[in-house]
Structure formats: C-alpha cells, structure tokens
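Colleague: Provided below are the primary sequence and the corresponding predicted coordinates.
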There are 2 protein chains.
Amino acid sequence: MRDVYLVGVGQTRYGKLSSTLREAAAEASLAALDRAGLEPTALDGAFLSNAFGLVERQGHLGPLVMTALGVPEVPCTSIEAACASGSSAFREAFVNVAGGFADTMLAVGVEKVSQLDTVTATSYFSYGSDYVYEGACGASFPGLYATMATAHMKKHGTTEEQLAAVAVKAHENAASNPKAHFQKKITLDDVMKSMVVASPLKLYDCCPFSDGAAAAILTTKEKAQALGAPLIRVAGSGRAGAIASLPDRPDLTTVPSTRVAADQALKMAKKTVADIDFFEVHDCFTIAEVVATEDLGLFKRGEGARAAADGATRVDGKRPVNPSGGLKAKGHPVGATGLGQINEVFDQLTGKAGGRQVANAKTALTHNVGATGGSCAVHMFERSN
Amino acid sequence: MRDVYLVGVGQTRYGKLSSTLREAAAEASLAALDRAGLEPTALDGAFLSNAFGLVERQGHLGPLVMTALGVPEVPCTSIEAACASGSSAFREAFVNVAGGFADTMLAVGVEKVSQLDTVTATSYFSYGSDYVYEGACGASFPGLYATMATAHMKKHGTTEEQLAAVAVKAHENAASNPKAHFQKKITLDDVMKSMVVASPLKLYDCCPFSDGAAAAILTTKEKAQALGAPLIRVAGSGRAGAIASLPDRPDLTTVPSTRVAADQALKMAKKTVADIDFFEVHDCFTIAEVVATEDLGLFKRGEGARAAADGATRVDGKRPVNPSGGLKAKGHPVGATGLGQINEVFDQLTGKAGGRQVANAKTALTHNVGATGGSCAVHMFERSN
C-alpha cells in the first residue's frame, strides 16, 4: 500500500448557486487542480459524490463533469452514501492511489437543492433514511435527530442551552470562512428563541439546505514532492456501516459506525485521538456534533454538550471542533459535505484559515456520517513538512 | 497488487419481481455467499449498484442490504454509472481486494422498474443520458441507439435483417437460461414484423425493462484456495469514460470508451482478444452488440452485423457472444446488469451453463456500457484449475 498525499482542494461558496450540477462540480474540480498546480490531463480517474441528481433529472454525472474538464476519457464513477457520500468518494480515490491503480485521482462532490421548497427538500432528504420505516412514517431527519437529542438529555442531563452553544460556536467560526453559507455570528438567545423544528431542536440547531461543490486531489508521494506541494499525508481511512433505521438501534445516544470507522482510521495512522490537533465532524444538528465528539473519544460519554458549552471545542479551545463552521453554519450540500471538510483540513494544515486558524495545526481528523449513521467515513491527515 | 479471485455469484431471476430493492439485493448476495461457501460475516466490505432507487424513494441502500444480511457494521457504498453501474461496483470491489484494503468483498446490483408504466420508465432511464441535451429534447435511449444504427447502416451497409439476427441468437441462448427474463425462441420474421420503436429499431431489437439483482464475491488467492473453489482469476480490469452526449461525438459508429477500457483490461491480463473464449457484451439494442464486437476487435470495422448474421457469435460459433442471452433477452435490470454478466462468466467457466455452454471455456471478457458509452467497464477472467 502506497502513501497518498492530499495536494489540492477547491470548492464553490456554499449557499445558493445559480450554476448547474455539472458546472458547480467543474468549478470546484478546476479550483482543486489549480491549487495543486495540475492540469486535468494529470487525472487517472475520478469519483463524483451526489445524492439528489434527480433534482436536475440527471444521473450518470461523472462523464458530464469530465467532459466539462476537457478530459472525457477519464473514468468518473458516482458514489452515494447519503450525507457521507463525499467522504466515501474520497475514500475510494484514496484506495485507488494507495493500491497502485492510479497515481492521481479527483474526488468531487456536488449538490443543488435550493430550487426546492422546504417540504420537497425534506422529502428528498428522507430518501437517505430507511424510507419504509422512517421517511414514509413521517420521521424526517430533524425528527430523528430530535429523538437522539431527547435520549441524550434524558440519559446524561444534556440541556437545550448546551446544544445551543454548539450552534453559537459554529456561526462564530463560519463568520471567518468566506466559503460558508452563513457568515453571521449569533447569540445563545438567538438560538433559544428560534422556531422549534422538532423539539428539542430549534431552527438554529439545524444545518441549512445548501447548494455547493467541493473537490480534492490525491496523488503519490513522488508526485506530491515534484509539485513542491505541502506534504499532507492521508494517514488513515476508515469506513463502516450500522443499522440504518433508528428504531432498531439499541442505544440512541451513540452512532456505532463512528467508533468502528474511527478505530480503523486511527489504527492505520498509528495515532490516538490525543494526537489530533483539530476535528471536522458531522454536525447536521447540534446534537450530532455532541454525539460525534463523545463517540470519537474527545470527551467522556455524556460530557460532550457540557464541554462544548465550556468552550472546549472553540478554535482556541482544548479540542477544536469544526473550525470551518461545520455543516451547521458552513452549510451542508449533501454530496459535497465530506469533501468540504477536507477543504478545511487543507486550509488549516497550510495555515490559510484566516480568522478561524487553529494554531500550529499539523494533524486533523474528518468524520462524515450518512443519515443517522447507517454509513460513516473517517479520515486522518498529517502534515509532514 | 494482489491477485483477486471470483469465488461466488448469485442472482434473482430477471423479469418482474414482487420483492423490494433490499430484498432482491439480499437474495442475490446470499446466493453468491452460499455458492462461495461463505457466511456474511466473511465480508470486509461491499459496493451496491443501483440507478433508480427513487422508484422506492430509497437512496442509501447499502446499510439496508448489509442489515438484511445480518452484518450492519460492514460498509456498503452505492455506485452509479448508469447502465455500467454493476461493473463499476465490481471494479471497485476488485480494487479494494487487489490493493490490500479488504480480503473479501461483495458487489451487488439491483433494479426494480416493473411497477412503472413505459413512459415513466423511459423518462427515468433518460436521466442516464446527458439530460439537458438528450432526454429533455426527447431523445430517449431507443432514439439514441437508432441514430447509431442509422449511421452504421449508412457507413457500412448494415441491414435490418442482420441486426435482427442478433436478436434471434440472443433469444435462442436465453431459452437455455433459467434466470433469463425471456425464455422463448423467436424467428427473424418475428423481429422484422415487430412494432417499430425508433426506426430502424423494432421491438425485438430492444432489451426489456427488467427487475433483478445480481451479486459477485471476490477474495484473495489464499482464501479462494482454502474454499476449494474453482480458481477464476480476475485477470484484467479497465474503466474509461467518453463524451456522454451523442450529438457531440465525432463518429456515431463506435464507442470510444469501449476501446480504452478493453485495452486497459487486456494489457493488465497480458492477453489479446484472440485469447478469449467468449464474451458478454452490452447489447441493450442489437446495434449495441454489433458496435461492441467491432470496438473490441472481434470483427473488422463494419463487419460485425454480417458476422452475427453468419452465425459467428452463436454459442458454437467462432466468437461466442452473450451466451447468457444478453441484455436483449436475459434482461437488463440496470444496476444489476454488469454483475449478471459476471454470473454468466462463473457459470460458463465452471461448466454449469447447460444448453448454452461454450465448449471448454477457460477465459471470458465482460463489457458493460453506461448510456451510449459515457462510461464503460471491461473485465477479463481466466480459470486456472
């Protein structure tokens, strides 16, 4: 297995885009190639992550994006794992380079949902749940995560104010991120007074429906060195599944696939969670970030919400979490999200994160969940120069 | 890169299924595991190919199928490349084993479309085209392939009767295939007198809309030997793209991605096309088989249709093509099709193909195309014991 390096990233701004799926994906891909100092002809292959192409009645997006890049002969396979689509595409790009099947691979993710009304978007998103037992029964994702939040509050005494602190921190970080969907700081009071979406989750506990695209370029050590790029090694990769249907899970306060995928990634990297300088975790709802920080072992079981409220997850805290603003405030263009997290890793590890920079960041971990945890991918990155 | 072996295959009957997507995928997966002599717990990972999950409003199918198999922790990523989804899933399973990321992988494909009326199904299928420039303009897949047929007839003098011979051969083979959608022989006259779908293609020139699922299990040489399985090595794998939109292609009588993917697969296998005992190629329409046999080099450019009419592609011909009955008569459950082809390879190379058996078959090549060739995957198989 060869060492694999992250040599470029790119993304559109998240929010509302006027471009089509193929245009947004091409924009992010070209930005990533440009940042790596590569032409599209350098690509041996690509994966494209997208969940709701049906919005444009468009499947089979890969060749359209490769054609837009001017390299139609390059194979591009579509990848889907609900909200973990982007990191799943990244993983297979990594596997292809590490396994010697390709020297240079692109992973690009894209989503466009802003043309949908909220009811339609919520309905489409529920296709990522176990539809027969969840979506069709009226259990939308806010409802499912609200159930997890209720269970966490009952078991651990987590409060709505503690969850609100996660949102405040997210918006504070996103305010320094020019690619973020939201760039406005909010107060605890703003969160607490916002509309109830699915009790106990209020509007500001929830990530938005975002348009956006994000891309990453992976290559071999030899080629990374030749590019004179910062040497950011993909030190570990993990990918796991879990029972998709929340009603069938024995414990609603944990996501089992997170633990399995994180163990795989850290074992491959020969690291522990204590070695990681910052984390980009899947915070589609504030409760999701709390559960992720506990499952990843940043905090003891049941202490994640309090730690967040105490400032431990701030950029200058003991355990910086989601300096990008996270799905919560940077935004959540489903197919792009996992690759957007990796954009943040590149910015941070190259010292380009501006007002949200984590001081002296050399290592990072990304955690991306599909639905309520039916899929999870975790990656660990280390800068070596 | 490690050697990889095909140790089991399974599939549902193609046609009209009453089961759901997850049930059909689980049925094929369990059949493949059973044929390999493995339990689901042997799986390190899986890929699931599906194109039209929206029929059940279900994305994120992977964890549902792994849960049905009793191994929810096993990661299962969805793969889509229009009609080349199945072979694209197979390729990534191959890459994962060859690259040392997994010892034993499942690739399973599934499609359910029989509940749709023909207009809706044709509309959904067109999402696999370049929708803006093809589907939305009324160019359905029968129309696009009819355009290719017209170009081939004009350039090479190919006749409707020669194309009809491809259909007659396909139905003859499928009549010996208990898993086939159609199991009835037809005559040249039946084809010529059938309803025109998109001139010059008539009803019997077109594959059906099929439900179905198909699966394959890949593992290492060591584990294949321990199973006492027939040693069928995946000797080569190729994957390429092309401009998806037919109007933008310089030559409508060839599919450029076929040539690139086949070259890659044969080079990896250190074989030429003359070394292959039989071929399963992508014959969604009779013209598609003719073009594929020319692009793969079985026959000279422009001579594919005449060769088929002369019997060269029959099971007992010089170049057996689609002994399974092909997409044309075995059926075309989109996400499953590429893996269905690999089911036929296993049956043939283990001498279990009954009335459609290719005598002494030791080598095989599969060719699976997405849309009109925007994607293509080619695999080469060799039995070594």
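Modeller: That came through fine. Numbers count the residues shown, from 1 in each chain, chains lettered A, B, ... in the order given.
Colleague: And the helices in the stretch 201-350 of chain A?
Modeller: A:221-227, A:256-269, A:286-295, A:304-309, A:326-329, A:334-349 (DSSP state H, counting those that start in this stretch).
Colleague: can you check the stretch 1-150 of chain A too?
Modeller: A:21-36, A:61-68, A:85-98, A:118-125, A:141-156.
Colleague: Can you list phi and psi of A:A198 for me?
Modeller: phi -150, psi 100 (degrees, to the nearest 10).
Colleague: For A:T219, which residues are in contact?
Modeller: By C-beta atoms under 8 Å, 6 or more residues apart in numbering or on different chains, the residues touching A:T219 are A:V4, A:Y5, A:V7, A:A36, A:V97, A:D103, A:T104, A:M105, A:L227. C-beta coordinates here come from the backbone N, C-alpha and C atoms, glycine included.
Colleague: beta partners for the residue nearest to A:T313 when sequence neighbours are not counted?
Modeller: Closest residue to A:T313 apart from its sequence neighbours, by C-beta to C-beta, 6 or more residues apart in numbering or on different chains: A:V321 at 3.9 Å. With DSSP bridges applied, A:V321 shows beta-bridge pairing to A:F279.
Colleague: Please tell me the pLDDT value assigned to A:V321.
Modeller: Per-residue confidence (pLDDT) for A:V321: 98.
Colleague: picking up where we left off before, go through the helices of the stretch 201-350 of chain A and name the closest to chain B.
Modeller: Among these, the nearest to chain B by C-beta to the nearest C-beta is helix A:256-269 (5.8 Å).
Colleague: Now do that closest one and helix A:85-98, the angle between them.
Modeller: For helix A:256-269 against helix A:85-98, the angle by axes from the mean of the first three to the mean of the last three C-alpha atoms, to 10 degrees is 30 degrees.
Colleague: Taking helix A:286-295 as reference, get the angle to helix A:256-269.
Modeller: 50 degrees.
Colleague: wait, does helix A:256-269 contact chain B?
Modeller: Yes: Helix A:256-269 lies within reach of chain B by C-beta under 8 Å from any C-beta of the partner chain, at A:P256, A:S257, A:V260, A:A261.
Colleague: ok, the third one touching A:G238?
Modeller: Yes: applying C-beta atoms under 8 Å, one finds A:V260 in contact with A:G238, separated by 7.1 Å.
Colleague: Neighbour count for these two, which is higher?
Modeller: A:G238 (26 against 21; other C-beta atoms under 10 Å in any protein chain shown).
Colleague: How about the more buried one: which residues does it bridge to?
Modeller: Here A:G238, judged by DSSP bridges, has bridge partners A:V378.
Colleague: give me phi/psi at A:R301?
Modeller: phi -50, psi 120.
Colleague: And it, how close does it get to chain B?
Modeller: Taking C-beta to the nearest C-beta, to the nearest Å as the measure, A:R301 falls 20 Å from chain B.
Colleague: Kindly state the pLDDT recorded for the closest residue to that residue other than its chain neighbours?
Modeller: Distance criterion C-beta to C-beta, 6+ apart; nearest residue to A:R301, sequence neighbours excluded, is A:E294 at 5.4 Å. Per-residue pLDDT puts A:E294 at 98.
Colleague: Tell me, how many residues neighbour A:S237?
Modeller: Other residues close to A:S237 by other C-beta under 10 Å number 23.
Colleague: And the one 5 residues further on, by the same measure?
Modeller: Look at A:A242: counted by other C-beta under 10 Å, it has 30 neighbours.
Colleague: can you list the residues that contact stretch A:152-167?
Modeller: A:149, A:186, A:188, A:191-192, A:200-202, A:204-205, A:252-253, A:283, A:286-287, A:289-291, A:301-306, A:308-309, A:313, A:328-329.
Colleague: Just the terminal-to-terminal distance for it.
Modeller: Using C-alpha to C-alpha, to the nearest Å, one end of stretch A:152-167 lies 17 Å from the other.
Colleague: ok, back up a step: just name the closest of the residues of helix A:256-269 next to chain B to B:T350, please.
Modeller: Lowest distance from B:T350 to the residues of helix A:256-269 next to chain B (C-beta to C-beta) belongs to A:V260, with 35.5 Å.
Colleague: got the contact list for the spatially closest residue to A:M195 that is not a sequence neighbour?
Modeller: Distance criterion C-beta to C-beta, 6+ apart; nearest residue to A:M195, sequence neighbours excluded, is A:L203 at 4.7 Å. A:L203 makes contacts with A:S194, A:M195, A:V196, A:V197, as judged by C-beta under 8 Å, 6+ apart.
Colleague: any residues in contact with both of A:V260 and A:G238?
Modeller: With C-beta under 8 Å, 6+ apart, A:V260 and A:G238 have common neighbours A:C376.
Colleague: Only the buried residues of stretch A:159-172, if you could.
Modeller: Residues of stretch A:159-172 classed as buried: A:E160, A:Q162, A:L163, A:A164, A:A165, A:V166, A:A167, A:V168, A:K169, A:A170, A:H171, A:E172 (neighbour count, 16 or more other C-beta atoms under 10 Å in any protein chain shown).
Colleague: any idea how far the second one lies from chain B?
Modeller: Counting by C-beta to the nearest C-beta, the gap from A:Q162 to chain B is 30 Å.
Colleague: From B:G335, how far out is that residue?
Modeller: 44 Å (C-beta to C-beta, to the nearest Å).
Colleague: The contacts of A:L203 in strands, which ones?
Modeller: A:V196, A:V197 (DSSP state E).
Colleague: possible to save the contacts of A:L203 as JSON lines with neighbour count, pLDDT and distance to A:L116?
Modeller: Putting the contacts of A:L203 into JSON lines (neighbours: other C-beta atoms under 10 Å in any protein chain shown; pLDDT from 0 to 100; distance: C-beta to C-beta, whole Å) gives the following:
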{"residue": "A:S194", "neighbour count": "17", "pLDDT": "98", "distance to A:L116": "22"}
{"residue": "A:M195", "neighbour count": "8", "pLDDT": "98", "distance to A:L116": "19"}
{"residue": "A:V196", "neighbour count": "12", "pLDDT": "98", "distance to A:L116": "22"}
{"residue": "A:V197", "neighbour count": "18", "pLDDT": "97", "distance to A:L116": "17"}
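Colleague: out of the contacts of A:L203, who's nearest A:L218?
Modeller: Nearest to A:L218 among these, with distances taken as C-beta to C-beta, is A:V197, at 37.3 Å.
Colleague: What are the neighbouring residues in contact with the closest one?
Modeller: A:P142, A:A146, A:L203, A:D205, A:C206.
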